[in-house]
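**Q** predicted model follows, preceded by the sequence.
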Amino acid sequence: MASSTVADTSDVTGDGLDERPHLRTRRKQLTDPRRWSAPWVVSFCTFAVLAVVYIVYVVRRFERLGFSGWDLGIFTQAVRAYSHFEAPIVPLEGTDVNLMGDHFQPWIALIGPIYRIFPSPMTLLVVQALLFALAAIPIVRLATKQLGVVVGVLIAVAYGMSWGISHALAFDFHEIALAVPLLAFSLVALVEGRWRAALLYALPLVFCKEDLGLTVVVLAAVVAWRCGKPAYRWAAATAVWGLGWTAFATKVVIPALGSGDYSYGTKFPESPIDGLKDFILGVASGDARASTAFMLLVITLFLAVRSPIALIAVPTIVWRFWSTNYLYWSDDYHYDAILMPIMFVAMIDALMSMDRQGRSRRVITGFAAGVAMVALVLAAGGPLHRLGQRDFYSPATAAQSVDVLVRQIPAGDSVAATNNIAPQLVSDYDVTLFPRQSRDRSVPEWIIVDKNTYNMFPTSPEGVRKALDETESNGQYREVGSHNGVVLLHRR
């Protein structure tokens, strides 16, 4: 009887050791280069190519004064403080302003040691570029492993050129940089049924930005839905973790280090009914929310909505579209970067479902080719198209002028600079913004102004010119240099 039981429940190898069939299959997969090499080769090649493309783009853009004090300069000041084990005080936002009183993003302190070795805003830009490229590894590996090399390459192109990533690269550095690969690794683990890994990758999201705790809650719910009873307890604990950190960050940390409240709470309608009405009327009239929603759907040819993983994008979309701040509605800036891994993994999940249902590989490859084509068309009209223009690789006149004038400023002095010049100075000087912000009580030794500056929030060309005229007329500063529209003033 005992012998019969063993034979019924296990396989006996020639060594007399029992080995379950699925373990033998798994071992065969791991030892067969044809089963594992292609996904890893394609994914790591994608990472290498994207890392080079992204780094070239951000370095050239930085050298051409393409970034701003708000936000690259602000984050550089915070990381610079962290590198010296100091609180993240950011003079560009105002006197004694702590960045943690604005948003909850403690993870950026990890860049401090790297910045100590390479003290430049470009360090932050390169770190962000590498993190965005890193997210491609799990996404492309999953697509290649499940759907073949051709589909994997097409998905690599689609993700790499996606508008959400390219606009984030073009708009400074932001705290969501780490969230992009964390979401990619988490969601790929979820698709592969590795629910513990999916939840573990999601845990650090709460340290990227305060609202991402809500994303963790929905992600945990989808894990429980997809993976069933074994995941319930840990998914519930993960959801509590996410909700708890969002509450703690918005109700305790940010108010304690900021102005005494969570100021972003004022950017939402007071009445839910008014908010719903504004949302419906706005989308119906085709405002920025409608175009952003369409862009999010068309980048996967609407395939992402066939997977429950797309639900993980809901918290970010809801708070943005519910807000009264129209900048949050836009498909520009950095707000869509964290949605890219969600939409692409959801699309791959949908394509895998079609594959299991018997749809031909030709059809699936056609969908992937369509997605890649959409990404390339959008990229042609987006920031990354500058990589194909010759003048992008030549020195910018304004950058040369700044370089000439700042040689007169002793290292460590206080400088007020226009928004496009500020990032160039934050590593070597105590930099504030010109025109002065309401929370800024400083009196800088130097002022450097690009009179040709274009519209960069929170300043405007008109405001810059007006403030410069007032400064020159009050006699407190005198002009000590001018070069191609860039003016340097020194306090008398």
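**A** Structure's in. What do you need? Numbering: from 1, shown residues only.

**Q** okay, now the unreliable bits of this structure?
**A** In the predicted model of the chain, residues 1-36, 454 satisfy pLDDT under 70.

**Q** Phe367 touches Leu303, doesn't it?
**A** Yes. Using Cβ atoms under 8 Å as the test, Phe367 is close enough to Leu303 to be in contact (6.4 Å). In this view, the C-beta of every residue, glycine as well, is placed from N, C-alpha and C.

**Q** shared neighbours of the two, which are they?
**A** When contacts are counted by Cβ atoms under 8 Å, 6 or more residues apart in numbering, the set common to Phe367 and Leu303 consists of Leu351.

**Q** may I see the buried residues of the longest helix anywhere in the chain?
**A** Of all the segments assigned as helix in the chain under DSSP state H, the longest by residue count is helix 33-63. For helix 33-63, burial by neighbour count (16 or more other Cβ atoms under 10 Å) applies to 38-39, 42-43, 46-47, 50-51, 53-55, 57-58, 60-63.

**Q** packing partners for that helix?
**A** Where contact means 3 or more Cβ pairs under 8 Å, 6 or more residues apart in numbering; DSSP states H and E, helix 33-63 is packed against helix 21-31, helix 121-134, helix 136-147, helix 149-160, helix 163-170.

**Q** the nearest residue to Val363 once chain neighbours are set aside is in what secondary structure piece?
**A** Leaving aside its sequence neighbours, Val363 sits nearest to Met354 (Cβ to Cβ, 6 or more residues apart in numbering; 7.4 Å). Assigned by DSSP states H and E, Met354 belongs to helix 339-356.

**Q** who does the helix or strand following that helix touch, helix- and strand-wise?
**A** Sequence-wise, the next helix or strand downstream of helix 339-356 (DSSP H and E) is helix 361-380. Judged by 3+ Cβ pairs under 8 Å, 6+ apart, helix 361-380 is in contact with helix 136-147, helix 149-160, helix 163-170, helix 339-356.

**Q** Arg491: which of these is closest?
**A** helix 163-170 (34.9 Å; Cβ to Cβ).

**Q** show me what that closest one is packed up against.
**A** Against helix 163-170 (3+ Cβ pairs under 8 Å, 6+ apart) you get helix 33-63, helix 121-134, helix 339-356, helix 361-380.

**Q** specify the angle between the second one and helix 339-356 in degrees.
**A** Helix 121-134 and helix 339-356 are oriented at 10 degrees to each other (axes from the mean of the first three to the mean of the last three Cα atoms, to 10 degrees).

**Q** who's in contact with helix 121-134?
**A** By Cβ under 8 Å, 6+ apart, the residues outside helix 121-134 that reach it are 46-47, 50-51, 54-55, 57-59, 62, 67, 72-73, 75-76, 79, 111, 114-115, 160, 165, 168-169, 173-174, 177-178, 180-181, 184, 337, 423-424, 426-427.

**Q** and if we set it to 7 Å?
**A** 47, 50-51, 54-55, 58-59, 62, 72, 75-76, 79, 111, 114-115, 165, 169, 173, 177-178, 180-181, 423, 426-427 (Cβ atoms under 7 Å, 6 or more residues apart in numbering).

**Q** repeat that for stretch 302-314.
**A** So stretch 302-314 is contacted by 187, 190, 215, 218-219, 222, 225-226, 297, 339, 342-343, 345-347, 349-351, 353, 367 (Cβ under 7 Å, 6+ apart).

**Q** quick one: the spatially closest residue to Pro255 that is not a sequence neighbour from Thr238, how far?
**A** Setting aside the residues directly before and after it, Pro255 is nearest to Asp261 in space (Cβ to Cβ, 6+ apart), at 5.3 Å. The gap separating Asp261 from Thr238 is 28 Å, by Cβ to Cβ, to the nearest Å.

**Q** these two: which has the busier surroundings?
**A** Taking neighbours as other Cβ atoms under 10 Å, Asp261 and Thr238 compare with Thr238 leading, 24 against 12.

**Q** apart from its neighbours in sequence, what residue is nearest that one?
**A** Once flanking residues are discounted, Thr238 sits nearest to Ala220: 4.1 Å by Cβ to Cβ, 6+ apart.

**Q** so where does that neighbour fall, helix or strand?
**A** Secondary structure assignment for Ala220, by DSSP H and E: helix 212-227.

**Q** next, the angle helix 212-227 makes with the following helix or strand past that helix.
**A** Reading on from helix 212-227 to the C-terminus, the next helix or strand found by DSSP H and E is helix 229-248. Counting by the same axes, to 10 degrees, helix 229-248 lies at 170 degrees to helix 212-227.

**Q** so how far is helix 229-248 from its chain's centroid?
**A** Relative to its chain's centre, helix 229-248 lies at 23 Å (Cα atoms, centre = their mean, to the nearest Å).

**Q** for stretch 79-91, same thing?
**A** That offset, for stretch 79-91, works out to 21 Å (Cα atoms, centre = their mean).

**Q** rewinding a little: now the buried members of the contacts of stretch 302-314.
**A** Neighbour-count burial (16+ other Cβ under 10 Å) applied to the contacts of stretch 302-314 gives 187, 190, 215, 218-219, 222, 226, 339, 342-343, 345-347, 349-351, 367.

**Q** got the contact list for stretch 445-454?
**A** With Cβ under 7 Å, 6+ apart, stretch 445-454 has contacts from 398, 405-406, 409, 413-421, 434, 461, 464-465, 468, 471, 477, 485-491.

**Q** what subset of those is buried?
**A** Buried, going by 16+ other Cβ under 10 Å: 398, 405-406, 409, 414-421, 434, 464, 468, 471, 477, 486-490, out of these.

**Q** next step: the residues you listed restricted to helices.
**A** Of the buried ones among the contacts of stretch 445-454, the ones assigned to helices by DSSP H are 398, 405, 464, 468, 471.
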